[in-house]
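Student: what follows is a predicted protein model with its sequence.
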Amino acid sequence: MARNRKLLTPAAEQVMDQFKHEVAEELGLADKIARQGWGEMTTRECGRVGGTMVKKMVKMVQDHLDR
């Protein structure tokens, strides 16, 4: 189920969208997304992208707090 979430700024939305595409690229899904679009991705594939994004964001915050 897609959620309609509004981020605080349009710039944040652009950054998160770019981040999503970078993670999809890392996972080898970029070609499929380019051919078929996000709407044709499986739940598992979308979950991998979202889960990887969360892991990377948590790591980034942990690294920042460790300074």
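Tutor: Perfect, I can see it now. Residues are numbered from 1 along each chain as shown.
Student: starting at the chain centroid, how far to the helix or strand of the chain with the lowest mean pLDDT?
Tutor: Counting by mean pLDDT, DSSP states H and E, the weakest-scoring helix or strand in the chain turns out to be helix 10-26, with a mean of 92. Its chain's C-alpha centre lies 6 Å from the corresponding centre of helix 10-26 when counted by C-alpha atoms, centre = their mean, to the nearest Å.
Student: so who does the residue nearest the centre of the chain touch?
Tutor: For the chain, the residue sitting closest to the mean C-alpha position, by C-alpha atoms, centre = their mean, is residue 20 at 2.8 Å. Remark: with contacts taken as C-beta atoms under 8 Å, 6 or more residues apart in numbering, residue 20 is in contact with 49, 53. Every C-beta, even on glycine, is put in place using the N, C-alpha and C of the backbone.
Student: what packs against the helix or strand that the least confident helix or strand of the chain is followed by?
Tutor: Once helix 10-26 ends, the next helix or strand along the chain (criterion: DSSP states H and E) is helix 30-36. Here helix 30-36 touches helix 10-26, going by 3 or more C-beta pairs under 8 Å, 6 or more residues apart in numbering; DSSP states H and E.
Student: and the helix it packs on, which residues are buried?
Tutor: Within helix 10-26, the residues that qualify as buried are 20, 21, 23, 24, counting by 16 or more other C-beta atoms under 10 Å.
Student: perfect, I'm done here.
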